[in-house]
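*Asks:* Compute the structure for the input listed below.
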Amino acid sequence: MSAEPTPAERGILGPGRFGELVGTALPVVQGPFGGGLSSVALAAAVSEGGGLGSYGAHILGPEEITALVTRLRAATDRPFAVNLWVPQEGEAEALAAVADPMAAHVERLRPYYEELGVEPPSAEDVRAWPDFDEQLDALLAAAPPVISLVMGLPPRRLVTEARRRGIVVVGTATTVDEAVALERAGADAVVASGSDAGGHRGAFLRPVRESLVGTFSLVPQVADAVTVPVVAAGGIADGRGIAAALALGADAVQIGTGFLAARESGASEVHRRILGTPESRTTVLTRLFSGRTARGVPNDFVRDMAAHEEHVPPYPVQNALMQPIRRAAAAQDRPAYVNLWAGQAAALARGSLSAEAYLSALVKEAGAAPGAP
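*Replies:* Take a look at the predicted model:
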């Protein structure tokens, strides 16, 4: 394990309130990626570099979560976070009733299954999706340094048990009202996730369409509304973005797409290849890949299926139906059918760098940025 970075190595970025809370030298969080995009190597590299590495575990079962935390502890002795998705209203009912509408949804996707040479999942496969309460029990028992959540409030039992075990709980807000609700629910810190952010939108008090607040509008309002540390997320991919977020009142920043492009990321080569290119300047919000709204680079699948945006079943049903398509397309180097999650600063990503080199560059850039704190 490497030694703690020196002040010179950190540049102008001290830990700040958030770093002091979670025990990191830098106020930089690697965004948690779900759907197999996270990797232990990436999370460990960011943590070893003085930031907070994260791993998105929402598709993992309880035993897999236990094994994951063990692997992360073996890879780094510094703080790291494990992230879960909070279930949303109507999703459990959709999962229980999956047999009825299953045929219609499969038929809609059948041309893609056939073109990629894969079989659609059965109703039994779809129903086997991990249970949130069981995931939470496993995660609390494993006791990672930080548990982060998206798309909802932390359950009371999570807050109570986390405090007993010394685990920091971080919630994610897309609006000021959500940030206030998270603090009241017991979150130790709040990620203010602007609509610029790539991947899934975390709105939970109002529909996504009513919760699309840009990062640099959201951050100062959240900083004024809560007393806990605020982490700015969305559209931040270089040191200029870090300096701007801190100047607006954030205590730290969370960077997703920039780290998704790093060598250690679990993203497929076809996905990483598009980040940092002019093509990644354009992004779109879509429900087509998972049943929950997410931001990514549009491709043939998104354009061809646009008319069905409101007809696909909710998460996790649509997510399970799309898994064979996404995985086969990535393996076959078919970008037309891959979920190319990316934020609105994706063209600033630097895919040729390791996570360590990228983190080091961020620190130096932040110190050199005009108006850097």
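*Asks:* Would you work out how far apart the start and end of stretch 161-175 are?
*Replies:* Across stretch 161-175, the straight-line distance between its terminal residues is 27 Å, by CA to CA, to the nearest Å.
*Asks:* how far does that stretch sit from the chain's center?
*Replies:* The chain centroid and the centroid of stretch 161-175 are separated by 16 Å under CA atoms, centre = their mean, to the nearest Å.
*Asks:* Now it: buried residues?
*Replies:* Of the residues in stretch 161-175, those buried under the neighbour-count criterion (16 or more other CB atoms under 10 Å) are Glu161, Ala162, Ile167, Val168, Val169, Val170, Gly171, Thr172, Ala173, Thr174, Thr175. Glycine gets a C-beta too; all of them are placed from N, C-alpha and C.
*Asks:* In strands, which of the residues you listed fall?
*Replies:* Among these, the residues falling in strands (DSSP state E) are Val168, Val169, Val170, Gly171, Thr172, Ala173.
*Asks:* Grab the nearest non-local neighbour of Thr70.
*Replies:* Nearest residue to Thr70 in three dimensions, chain neighbours excluded: Ala142, at 7.5 Å (CB to CB, 6 or more residues apart in numbering).
*Asks:* Isn't the one you found up against Val69?
*Replies:* Yes: between Ala142 and Val69 a contact is recorded at 3.8 Å, counting by CB atoms under 8 Å.
*Asks:* what touches both of these two?
*Replies:* In the contact map built from CB atoms under 8 Å, 6 or more residues apart in numbering, the residues linked to both Ala142 and Val69 are Val82.
*Asks:* hmm, back to that, compute the number of surrounding residues for the residue nearest to Thr70.
*Replies:* Ala142: 20 surrounding residues under other CB atoms under 10 Å.
*Asks:* Also Glu89?
*Replies:* By the measure other CB under 10 Å, the count of residues near Glu89 is 9.
*Asks:* Could you measure from it over to Val317?
*Replies:* As judged by CB to CB, to the nearest Å, Glu89 and Val317 stand 15 Å apart.
*Asks:* ok, now Phe301?
*Replies:* Look at Phe301 and Val317: by CB to CB, they are 18 Å apart.
*Asks:* what does Ile147 give?
*Replies:* Separation of Ile147 from Val317 (CB to CB) stands at 26 Å.
*Asks:* where along the stretch 201-350 of the chain do the strands fall?
*Replies:* For the stretch 201-350 of the chain, the strands defined by DSSP state E, counting those that start in this stretch cover 230-233, 252-255, 284-286, 294-296.
*Asks:* Tell me which residues of the third one come out buried.
*Replies:* Neighbour counts using 16+ other CB under 10 Å place Val284, Leu285, Thr286 of strand 284-286 among the buried residues.
*Asks:* what's the closest non-adjacent residue to the first one?
*Replies:* Closest residue to Val284 apart from its sequence neighbours, by CB to CB, 6+ apart: Pro298 at 4.5 Å.
*Asks:* Surely the one you found is in contact with Thr282?
*Replies:* Yes: the pair Pro298 / Thr282 is scored as a contact, 6.5 Å apart, by CB under 8 Å.
*Asks:* Out of the two, name the residue with the larger neighbour count.
*Replies:* Neighbours were counted for Pro298 and for Thr282 using other CB under 10 Å; Pro298 has more, 15 against 12.
*Asks:* In contact with the more buried one, which residues are there?
*Replies:* The neighbours of Pro298, taking CB under 8 Å, 6+ apart as the test, are Thr282, Thr283, Val284, Thr286.
*Asks:* if I look at the last one, how far off is Met305?
*Replies:* The gap separating Thr286 from Met305 is 9 Å, by CB to CB.
*Asks:* how much space is there between Ala142 and Ala128?
*Replies:* Distance check for Ala142 against Ala128: by CB to CB, it reads 22 Å.
*Asks:* thinking again about what came up before, which one of the contacts of Pro298 is nearest to Gly50?
*Replies:* Set against Gly50, the nearest of these by CB to CB is Thr283 (29.5 Å).
*Asks:* tally of neighbours for that closest one?
*Replies:* Neighbours of Thr283 using other CB under 10 Å come to 22.
*Asks:* How about the nearest residue to it once chain neighbours are set aside: which residues does it bridge to?
*Replies:* In space, and not counting its chain neighbours, Thr283 is closest to Arg295: 5.1 Å by CB to CB, 6+ apart. When bridges are assigned using DSSP bridges, the partners listed for Arg295 are Gly199, Leu285.
*Asks:* need the contact list for Arg295.
*Replies:* By CB under 8 Å, 6+ apart, the contact list for Arg295 reads 195, 197-199, 201, 283-286, 341-344.
*Asks:* what comes into contact with the helix or strand where Arg164 lies?
*Replies:* In the assignment (DSSP states H and E), Arg164 maps to helix 156-165. By CB under 8 Å, 6+ apart, the surrounding residues in contact with helix 156-165 are Leu136, Leu140, Ala143, Ile147, Pro154, Ile167, Val168, Val169, Ala185, Gly186, Ala187.
*Asks:* Next secondary structure after the lowest-mean-pLDDT helix or strand in the chain?
*Replies:* Within the chain, confidence by mean pLDDT, DSSP states H and E is lowest for helix 7-10 among all helices and strands, at a mean of 42. Moving toward the C-terminus from helix 7-10, the first helix or strand encountered (DSSP H and E) is helix 16-22.
*Asks:* Can you list the buried residues in that next one?
*Replies:* Along helix 16-22, these residues count as buried under the neighbour rule (16+ other CB under 10 Å): Gly16, Phe18, Gly19, Leu21, Val22.
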